[in-house]
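Engineer: Provide a 3D model corresponding to the input given below.
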Amino acid sequence: MDAEEFIKGFQELRQRLPRISVSGYQNQNCPYGNAIYNSKNCYVCFDMDSSEGCLYSGMVTRSRFSCDCEDIWDSELCYEGFEIYNSYNCDFSQFLRNCSDCSFSYDLLNCHNCFGCVGLRRANYHIFNKPHSPEDYVARLKYLKNMPQTEIFSQIESLRAEYSHVAMRQYNTENCFGDNIQNSKNCFYAFTTKNTYDGAYLYDIYTVYGDRNEDIYDCYFNVDLHGCYNCIQVGDGWNCNFSHYCEHLKDSEFCEGCFNSKNLFGCIDINHGEYRILNKQYTKEEYTKEVAQIREGLKTAGKYGWEVY
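Structural biologist: The predicted structure follows:
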């Protein structure tokens, strides 16, 4: 099979075979969402794992009873939050870590009972970055909660202009370039990436099954990858390239909707398969020979990539 035959066959296969409209498993009462896993009572949510009682949110992991949030982890009772980690009862805030009872705040670490604050560390009972007694804070909070939001945000923007900003938010990293990186090493142009060693051009990468991702490049929204390139929404992938929405996949390329399989090339909707090309079964020897020929042809034609799709 030459490269053009493979491309034509693969595209025909994609047109002919149905794909599921939404992805997810082990959920209870999670309508109108996609990419939801191990969650309960979540409504209009996307990219969610091990969460409960969330509404209109995306990129939520191990969080409960939160609404209108994006990229929150291990948090509860949050509203209108962005990049919130291990926090409780926080609203209208961005870039909080280990915080509780904070509102209208930006870039706080280990803070509690803060309103309209920017860039504080280990602070308690602060309003617009000024300390208050607990009694005074509670009394003032009743008034502040009724202020027009435009006025609150105006004061916050003034504070942000006065304080220096962290260029890259990184925690427990070594030799990394990018933002929102945790527990990682040797990652270049990585964003919202966790537990990853030796990678580049990454977004929304984390772990579920193991302790790290390793040697991955050009990947988006993946978990537990090893030696993978140009994959989207792949979980527990080993040595996989140019694949989309697969799980427990090994030594495979150009796959879509394949699970618990290995040694697949140009396959769609395969479960527990091995040594297949365009969903057709081959012997190990035939598979190895055909794949080498097709791959070389694709490289020669300059189409060894997403052009196949």
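Engineer: Show me what the mean pLDDT comes to for the biggest helix by length in the chain.
Structural biologist: The longest helix of the chain (DSSP state H) is helix 284-300. Averaged across helix 284-300, pLDDT comes to 96.
Engineer: Flag every buried residue along it.
Structural biologist: 287, 290, 291, 294, 295, 297, 298 (16 or more other Cβ atoms under 10 Å). Yep, even glycine has a C-beta here, placed from its N, CA and C like the rest.
Engineer: Over to stretch 125-135?
Structural biologist: Quick answer for stretch 125-135 (16+ other Cβ under 10 Å): 125, 126, 127, 128, 129, 132.
Engineer: Which of these fall in strands?
Structural biologist: Using DSSP state E, the subset of the buried residues of stretch 125-135 located in strands is 125, 126, 127.
Engineer: Pick out the residue closest to the middle of the protein.
Structural biologist: By Cα atoms, centre = their mean, the chain has its centre lying nearest to residue 204, at 3.0 Å.
Engineer: which residue sits closest to that residue in space, ignoring its chain neighbours?
Structural biologist: Closest residue in space to residue 204, ignoring its immediate chain neighbours: residue 221 at 4.5 Å, by Cβ to Cβ, 6 or more residues apart in numbering.
Engineer: Which element, helix or strand, includes that neighbour?
Structural biologist: strand 213-229 (DSSP states H and E).
Engineer: From the contact counts, what lies against that strand?
Structural biologist: Other elements packing on strand 213-229 under the criterion 3 or more Cβ pairs under 8 Å, 6 or more residues apart in numbering; DSSP states H and E are strand 196-206, strand 232-241.
Engineer: Return the distance of it from the chain's centre.
Structural biologist: How far strand 213-229 lies from its chain's middle: 12 Å, per Cα atoms, centre = their mean, to the nearest Å.
Engineer: what's the answer for stretch 119-134, then?
Structural biologist: 32 Å.
Engineer: picking that back up, would you confirm that the residue nearest to residue 204 contacts residue 232?
Structural biologist: Yes: assessed by Cβ atoms under 8 Å, residue 221 is found in contact with residue 232 at 6.2 Å.
Engineer: the more surrounded of the two?
Structural biologist: Neighbour totals were compared for residue 221 and residue 232, and residue 221 leads with 20 against 16 (other Cβ atoms under 10 Å).
Engineer: wait, what's in contact with that one?
Structural biologist: Going by Cβ atoms under 8 Å, 6 or more residues apart in numbering, residue 221 touches 35, 47, 203, 204, 205, 232, 233.
Engineer: ranking these by neighbours, who comes first?
Structural biologist: Ranking the contacts of residue 221 using other Cβ under 10 Å puts residue 205 first, with 25 neighbours.
Engineer: Could you find the closest non-adjacent residue to that one?
Structural biologist: In space, residue 205 is closest to residue 193, 4.5 Å off (Cβ to Cβ, 6+ apart).
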